[in-house]
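**Q** Got a sequence here, can you model it:
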Amino acid sequence: MAKNGKRMKKALDGIDRDADYTLDDALKMIKERANTKFDETVEMAINLNVDPRHADQMVRGVISLPHGTGKSVRVAVFAKGDKIKEAEDAGADIVGGEDLAEKIQGGEIDFDRCVATPDMMSVVGKLGKVLGPRGLMPNPKLGTVTPDVAAAVAEVEGGQVEYRTEKAGIIHAGVGKASFGEEQLAANIRALFDAVMKAKPSGAKGTYVRRASLSSTMGPGVRLDISSLEQ
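**A** Here you go, the predicted structure:
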């Protein structure tokens with residue numbers, strides 16, 4: 001713990017926690033400090049002036065980042081008949097029906113995203129209490145309930161990111177790896193920010209975006225100048 005504390009203190013050196021940095025400056029700071037033995041994930045946090053407990057203030061969607069996430073994603077697909085082979089050929093890690101549902105009910109959740117064909121939703125619907133809290137429930141609005149499972153699997157594995165507001169109105173999303181070039185990260189970050197802006201709900205009043213910041217897995221947060229995110 002002392003070692004981690006010492007490392008974080010060193011990482012914080014040179015960062016003004018009360019200042020808003022341009023995206024270019026923030027990325028330089030993040031990349032310089034992402035010096036652990038593994039390739040850290042760069043995460044963006046966007047604090048919105050919304051209360052997600054109200055349906056007309058919920059912000060949720062998916063976006064395919066221009067340069068992907070750099071993370072390998074395990075995809076589970078609920079399908080039957082010809083769609084099973086279609087999902088497997090597309091690269092799905094797990095494909096099943098009732099058998100897969102039983103494993104999930106038993107606590108076996110070895111995947112990051114879940115796709116389902118419409119005719120399997122009667123099976124998947126029973127898993128709401130298990131998959132819902134984990135953000136894994138297939139959803140037609142997010143393109144994860146679809147007859148075109150091959151396209152859905154390709155989208156998910158190709159760098160698609162789901163974003164949603166948490167209780168405090170904050171969105172957290174991975175936008176790439178510290179090994180990415182600054183231009184790649186900047187493009188991903190601006191794409192996510194643009195998607196969140198376009199998803200502004202009807203119930204949002206006043207200033208929509210309160211704050212935004214970047215951090216790496218083991219690094220400190222750096223506050224962003226919102227104007228530098230606009231495309």
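**Q** So in this structure, where's the weakest helix or strand by average pLDDT?
**A** helix 2-12 (a mean of 58; mean pLDDT, DSSP states H and E).
**Q** Give the buried residues for stretch 203-218.
**A** Neighbour-count burial for stretch 203-218 flags 204, 208-209, 212-216, 218 (criterion: 16 or more other Cβ atoms under 10 Å). Every residue, glycine included, has its C-beta placed from N, CA and C.
**Q** what does the longest helix seen in the chain rub up against?
**A** Using DSSP state H to define each element, the chain has its longest helix at helix 182-198. Applying Cβ atoms under 8 Å, 6 or more residues apart in numbering, the external contacts of helix 182-198 come out as 23-24, 27-28, 31, 42, 44, 46, 48, 59, 61, 63, 65-67, 69, 161, 163, 171, 173, 175-176, 180, 208-209, 212, 214, 229-231.
**Q** Apply 6 Å and report the result again.
**A** 23, 27, 42, 44, 46, 63, 65-67, 173, 175-176, 229, 231 (Cβ atoms under 6 Å, 6 or more residues apart in numbering).
**Q** Check the offset of it from the chain's centre.
**A** Mean C-alpha position of helix 182-198 versus that of the full chain (Cα atoms, centre = their mean, to the nearest Å) differs by 12 Å.
**Q** Now Pro133: phi and psi?
**A** Dihedral angles of Pro133 (phi, psi; degrees, to the nearest 10) stand at phi -60, psi -20.
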